[in-house]
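> Provide a 3D model corresponding to the input given below.
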Amino acid sequence: IPVTASYAISRGRTLAEPATFCAYLNVCDSSDVARFQQWQVESVLGVSLVRDRSNSVIDPTRGSRLSAEARYAAGFLGSDSLNRFARGVAELASYHQLGRRTVFAWRIEGGAIVSPQLGFAGQSVRFVPPSERFYAGGPNSVRGYGQNQLGPVVRVVDPTRGDTVIRPDSVDSALRDTVFVPDTLRAATGGNSLLLANAELRFPLPGFSGRLSGALFVDVGQLIERGNTLFDFSNVRVTPGAGIRIATPLGPLRFDVAYNGYAPEQGPLYEKQGQNLVLVQRVYPTVRMAAPHLQFHFAIGQAF
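Residues are numbered from 1 along each chain as shown. As a prediction, this is how the structure comes out:
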């Protein structure tokens with residue numbers, strides 16, 4: 001079982017417009033923005049281990065793989081107050097050969113981040129650097145969502161660019177729960193709790209001299225910013241799908257399509273007014289306006 005220990009130290013600051021801080025860093029308060037614009041030191045100790053008993057790196061058909069990682073940034077290591085956290089994540093994948101070329105594969109992954117500024121519950125990701133937060137969605141995660149689009153989001157509307165916002169108080173009361181928000185300047189802000197599970201059946205298809213195969217899969221995921229409760233299973237998302245694989249020397253060339261029947265993720269909506277941001281609504285309701293949503297992915301290598 002290879003075990004790797006690491007240490008990293010960095011010093012930097014972020015200079016950007018308030019809208020950028022809010023949309024991409026989840027830092028929307030002016031006092032928090034001022035703190036992020038100051039020089040900050042991040043000092044992190046890390047340890048990771050991998051137990052790989054699978055029979056292939058690029059296309060496993062039997063065996064298992066276990067990995068775990070822990071990262072810790074604290075004041076006694078030199079980290080400033082905005083860069084102090086403890087982060088842990090573990091993943092287990094298993095592969096079972098059901099026939100000559102038929103494989104059933106599954107994976108589970110979980111992780112959590114704790115910031116010393118707050119207790120384990122009631123956390124806020126603004127105290128955790130964006131590079132350390134958890135993100136989900138994409139070709140190797142929950143495939144019903146685009147890259148990093150599962151979980152908390154922030155929307156910022158800029159009227160100077162022609163963007164418009166429908167304010168809830170201007171909509172008929174019967175429709176207030178079904179207001180659609182355009183995805184202008186929508187960005188995932190990451191979370192501090194991650195739960196992910198995948199199950200996939202891979203089977204041969206005729207054609208390409210035996211190099212063509214198909215897949216049926218179900219992805220389950222939850223990415224949240226913990227509130228007053230540690231777990232909220234109402235945010236769990238389940239997205240089924242199917243795909244085609246073409247064997248290449250670099251690994252399977254993969255095309256997946258997944259079904260997502262959920263409404264867009266809710267989140268705070270801000271409106272840019274000059275150099276300032278004004279909160280339109282803290283939790284803005286959204287609804288899918290089109291037909292059932294299909295998410296397409298192209299990638300090289302198996303999803304896990």
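> For this protein, just list every one of the strands.
Per DSSP state E, the chain has strands spanning 3-12, 40-52, 63-73, 85-97, 103-114, 153-157, 186-188, 193-204, 212-224, 237-246, 253-260, 267-273, 276-284, 293-300. These are given in chain order.
> Which one, of these, ends up nearest to Tyr135?
strand 186-188 (6.1 Å; Cβ to Cβ). Just so you know, the C-beta spots here come from the backbone N, C-alpha and C atoms, and that holds for glycine as well.
> most neighbours per residue, which of the strands of the chain?
Highest mean neighbour count among the strands of the chain (mean count of other Cβ atoms under 10 Å): strand 153-157, with a mean of 24.
> Need the contact partners of stretch 241-250.
58-59, 143-144, 202, 205, 208, 211-219, 252-259, 295, 300-302 (Cβ atoms under 8 Å, 6 or more residues apart in numbering).
> can you check stretch 208-222 too?
Here stretch 208-222 makes contact (Cβ under 8 Å, 6+ apart) with 101, 136-137, 141-144, 150, 193-206, 233, 235-247, 252, 256, 258, 303.
> Swap in 7 Å and give it another go.
Here stretch 208-222 makes contact (Cβ atoms under 7 Å, 6 or more residues apart in numbering) with 101, 136, 141-144, 150, 195-205, 235-247, 258.
> One more: stretch 31-51?
By Cβ under 7 Å, 6+ apart, the residues outside stretch 31-51 that reach it are 1-15, 18, 21, 25, 27, 66-73, 77-80, 82-83, 126, 129.
> Could I have the CA atoms of that stretch written out in PDB?
Backbone C-alpha positions of stretch 31-51 (Å, rounded to 0.1, in the frame of the first residue of the first chain) are rendered in PDB as follows:
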ATOM      1  CA  SER A  31     -16.000  42.900   4.300                       C
ATOM      2  CA  ASP A  32     -15.100  39.400   3.200                       C
ATOM      3  CA  VAL A  33     -13.900  40.600  -0.200                       C
ATOM      4  CA  ALA A  34     -11.600  43.100   1.500                       C
ATOM      5  CA  ARG A  35     -10.000  40.200   3.500                       C
ATOM      6  CA  PHE A  36      -9.500  38.100   0.400                       C
ATOM      7  CA  GLN A  37      -7.700  40.900  -1.300                       C
ATOM      8  CA  GLN A  38      -5.100  40.900   1.400                       C
ATOM      9  CA  TRP A  39      -2.000  38.600   1.300                       C
ATOM     10  CA  GLN A  40      -2.800  35.200   2.800                       C
ATOM     11  CA  VAL A  41      -0.500  32.200   3.600                       C
ATOM     12  CA  GLU A  42      -1.700  28.700   3.200                       C
ATOM     13  CA  SER A  43       0.400  25.900   4.800                       C
ATOM     14  CA  VAL A  44      -0.900  22.300   4.300                       C
ATOM     15  CA  LEU A  45       0.200  18.900   5.500                       C
ATOM     16  CA  GLY A  46      -1.100  16.000   3.500                       C
ATOM     17  CA  VAL A  47      -1.100  12.200   3.500                       C
ATOM     18  CA  SER A  48      -2.600   9.700   1.000                       C
ATOM     19  CA  LEU A  49      -2.700   6.000   0.400                       C
ATOM     20  CA  VAL A  50      -3.700   3.800  -2.500                       C
ATOM     21  CA  ARG A  51      -4.400   0.000  -2.500                       C
END
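> Tell me how far it lies from the chain's centre.
On the basis of Cα atoms, centre = their mean, to the nearest Å, stretch 31-51 is displaced by 19 Å from the centre of the chain it belongs to.
> Out of the helices and strands in this protein, which is least certain?
Every helix and strand in the chain was compared by mean pLDDT, DSSP states H and E; the lowest is strand 276-284, with a mean of 70.
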